[in-house]
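**Q** This is a predicted model, with the sequence first.
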Amino acid sequence: MRSRLPLSLTVAGLLALASSGCISINSAEASPPPAPYGPVPTERQLRWHEMEFYGFLHFTVNTFTDKEWGYGDESPQVFNPTDFDANQIVRTAKAAGMAGVILTAKHHDGFCLWPSRYTEHSVKHSPWKGGQGDVVREIADACQRHGIRFGVYLSPWDRNHRDYARPEYLTYYRNQLRELLTQYGDLFTVWFDGANGGDGYYGGAREKRQIDNRTYYDWPNTWQIVREWQPMACLFSDAGPDFRWIGNERGFAGDPCWATLDMTKPGRYPGGSSEGLTHGERPGTAWIPAECDVSIRPGWFYHPAEDSQVKTPAQLLEIYYASVGRGCCLNLNLPPDRRGRIHENDIRSLADFRRILDTTFATNLAAGARFQASSIRPTRRLYGPRLVLDGQRDTYWTTPDEVRTAELALTLRQPATFNVVDLREAIALGQRIEAFALDQWRDGAWVEFAQGTSIGNRRLVRLPQKITTDRVRLRIIRASACPAIAEFGLYAEP
């Protein structure tokens, strides 16, 4: 998918679209686009929003010790995948429809999947490939070969390092961060886990160490290192700064789920309260959309006992509609097994899940419809309702500034049977719509069949049963600024 930046924020951007042949207008007749409302996404956040679905790869010594959290005293000798295949792992992710993967380069146990210059606790002392291996390199290269993006997880907590909880550890951590930022190509994200402090090996001390995660890591300066070396990488922590945790590890967003948070609250982040993460906050002061993270298995790392507990395609679909379908990105964990491959049970479930999604969204039943809008901003070619079917996120139907309630009726070419409605706002202009409803034409009158609040990047309205009709209407009931709808779709699950 090509990156679509917020050209539509300016008249110059609209004229650029015209010059490219996407639209045809007379510049003297062009109405200015709506002014952005509230916080808006950055260029890097827009790129992240377009991904929608990507994967986690939890893989370390825990894979071989059957643990979820390593203590930090594990010998590098235990890390020895028998048939590691980065291509198989990345192919599986891509076949599932993932736009990228995030690798746990270092989990809480402190074991590094790359030969870091700053520690001996890494793959360079593993029997795998005679100590010459580099998991980060192999996954990064496989992502490049297969055309998906790569990101890294670097745990702030390190139960192995002797200096954890002391000032010296911060130098160590930042040195490792720079290695990952400078040696493995373009990163779409750097993922900072929220688990911090507790019992650990700590170089043999075997004690409990606590830190204040609001101050200890000096996050603003740590983040600045990422901004310097990977300016397009989005940063994750519980509450940002680029995208936030959804507040659970089940993969479900709240409804509504706003893309903004109020960052003026004392102690907002890092650390602090989880207030507002699941639903977002409106009005907010910053665009910090949510990621829904969940594992395809009960645990995050591979455990043989969980081979029969892989989430079913139906469960994965439910998660998809409650994450991507509520404006978030879905981060689905696929833990490599002790061979260093994605297990066959996981692959089967993913394949059926993908087949259902591909079949569902193969045909937009609204294609070719005739439109009737209650209001259109002047310069119809720039802002008319047909733009909701052009497949472009940066073109949209909108109204004059003073119009904040509006209707868009579609007359289909023939009666259609559907159970999924797909909506997108033009989020480069901010999240503007606060309530909407959907109607079908039945027995000579409009009959409401669904309603909702937030739309944002994407809203998938999945109905409990299918509807057959030849006319559908979208009603914007309440908006903080003139609405801007980028896409509209009607789809049927198989």
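**A** Sure thing, it's come through. Numbers count the residues shown, from 1 in each chain.

**Q** Can you read off the pLDDT for Leu5?
**A** pLDDT for Leu5: 37.

**Q** Asn213 now?
**A** 84.

**Q** can you give me the helices in the stretch 251-400 of the chain?
**A** Using DSSP state H, counting those that start in this stretch, the helices of the stretch 251-400 of the chain run over 313-321, 344-360, 380-383.

**Q** right, and those - which one's nearest Val90?
**A** Closest approach to Val90 among the helices of the stretch 251-400 of the chain is made by helix 344-360 (12.8 Å; Cβ to Cβ). Yep, even glycine has a C-beta here, placed from its N, CA and C like the rest.

**Q** Output the contacting helices and strands for the closest one.
**A** Applying 3 or more Cβ pairs under 8 Å, 6 or more residues apart in numbering; DSSP states H and E, we find helix 344-360 packed against helix 86-95, helix 313-321.

**Q** what's the most buried one of those helices?
**A** helix 86-95 (a mean of 20; mean count of other Cβ atoms under 10 Å).

**Q** Going C-terminal from that one, what's the next secondary structure element?
**A** strand 100-106 (DSSP states H and E).

**Q** ok, back up a step: now the helices and strands packed on helix 344-360 in JSON lines, with mean pLDDT and distance to Leu474?
**A** Shown next, in JSON lines, are the helices and strands packed on helix 344-360 (pLDDT from 0 to 100; distance: least, Cβ to Cβ, whole Å):
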{"stretch": "helix 86-95", "mean pLDDT": "98", "distance to Leu474": "34"}
{"stretch": "helix 313-321", "mean pLDDT": "98", "distance to Leu474": "19"}
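
**Q** Same list, those helices, but as TSV with distance to Gly147 please.
**A** Listed next are the helices and strands packed on helix 344-360 as TSV, based on distance: least, Cβ to Cβ, whole Å:
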stretch	distance to Gly147
helix 86-95	7
helix 313-321	22
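
**Q** Make a markdown table out of the helices of the stretch 251-400 of the chain and add distance to Val403.
**A** What follows is those, written out as a markdown table (distance: least, Cβ to Cβ, whole Å):
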| stretch | distance to Val403 |
| --- | --- |
| helix 313-321 | 31 |
| helix 344-360 | 33 |
| helix 380-383 | 12 |
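
**Q** Packed most tightly, which of the ones you listed would that be?
**A** helix 380-383 (a mean of 20).

**Q** and that one, average pLDDT?
**A** Here the average pLDDT along helix 380-383 is 93.

**Q** chain center to that helix, what's the gap?
**A** Its chain's average C-alpha position is 31 Å from that of helix 380-383, according to Cα atoms, centre = their mean, to the nearest Å.

**Q** What is it packed up against?
**A** Partner elements for helix 380-383 (3+ Cβ pairs under 8 Å, 6+ apart): none found.

**Q** Apply 10 Å and report the result again.
**A** Here helix 380-383 touches helix 11-19, strand 397-398, going by 3 or more Cβ pairs under 10 Å, 6 or more residues apart in numbering; DSSP states H and E.

**Q** Comparing those by mean pLDDT, which bottoms out?
**A** Sorting those by mean pLDDT places helix 11-19 lowest, at a mean of 41.

**Q** Now the very next helix or strand once past it - C-alpha only, PDB.
**A** The helix or strand immediately downstream of helix 11-19 is helix 43-51, counting by DSSP H and E. The C-alpha coordinates for helix 43-51 follow below in PDB (Å, rounded to 0.1, in the frame of the first residue of the first chain):
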ATOM      1  CA  GLU A  43       3.200  11.700   9.100                       C
ATOM      2  CA  ARG A  44       4.700   8.700  11.000                       C
ATOM      3  CA  GLN A  45       1.400   8.000  12.700                       C
ATOM      4  CA  LEU A  46      -0.500   8.100   9.400                       C
ATOM      5  CA  ARG A  47       1.900   5.500   8.000                       C
ATOM      6  CA  TRP A  48       1.300   3.400  11.100                       C
ATOM      7  CA  HIS A  49      -2.500   3.700  10.800                       C
ATOM      8  CA  GLU A  50      -2.300   2.400   7.300                       C
ATOM      9  CA  MET A  51      -0.700  -0.800   8.500                       C
END
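
**Q** Pull out the buried residues from helix 43-51.
**A** Neighbour counts using 16 or more other Cβ atoms under 10 Å place 44-49, 51 of helix 43-51 among the buried residues.

**Q** Report the inter-axis angle for it versus strand 100-106.
**A** Here helix 43-51 points in a direction 110 degrees away from that of strand 100-106 (axes from the mean of the first three to the mean of the last three Cα atoms, to 10 degrees).

**Q** Quick one: mean pLDDT for helix 43-51?
**A** Here the average pLDDT along helix 43-51 is 98.

**Q** From the chain's centroid, how far away is it?
**A** 9 Å.

**Q** Contact partners for Arg227?
**A** 44, 233, 235, 241 (Cβ atoms under 10 Å, 6 or more residues apart in numbering).

**Q** Ranking helices and strands of the protein by mean pLDDT, which lands last?
**A** helix 11-19 (a mean of 41; mean pLDDT, DSSP states H and E).

**Q** if I look at Pro283, how far off is Thr260?
**A** 7 Å (Cβ to Cβ, to the nearest Å).

**Q** Which residues does stretch 306-318 contact?
**A** Outside stretch 306-318, the residues that touch it by Cβ under 10 Å, 6+ apart are 96, 251-252, 294-299, 303, 319, 325, 330, 332, 335, 337, 343-357, 360, 462, 493.

**Q** how far does that stretch stretch from start to finish?
**A** For stretch 306-318, the first-to-last residue distance is 21 Å (Cα to Cα, to the nearest Å).

**Q** One more: stretch 103-122?
**A** Taking Cα to Cα as the criterion, the two ends of stretch 103-122 lie 15 Å apart.

**Q** Give the buried residues for that stretch.
**A** 103-116, 118-119, 121-122.

**Q** Let's see which of these end up in strands.
**A** 103-106 (DSSP state E).

**Q** domains of the chain?
**A** Structural domains annotated on the chain: 43-360, 363-491, as defined by automatic domain parsing.

**Q** count of neighbours near the residue lying closest to Asp193 once chain neighbours are set aside?
**A** Leaving aside its chain neighbours, Asp193 sits nearest to Ser155 (5.0 Å; criterion: Cβ to Cβ, 6 or more residues apart in numbering). Ser155: 22 surrounding residues under other Cβ atoms under 10 Å.

**Q** Kindly report the same for Gly456.
**A** 26.

**Q** now it, what's its secondary structure?
**A** Classification of Gly456 using DSSP: H, G, I helix; E, B strand; the rest coil returns coil.

**Q** Thanks again, I'm all set now.
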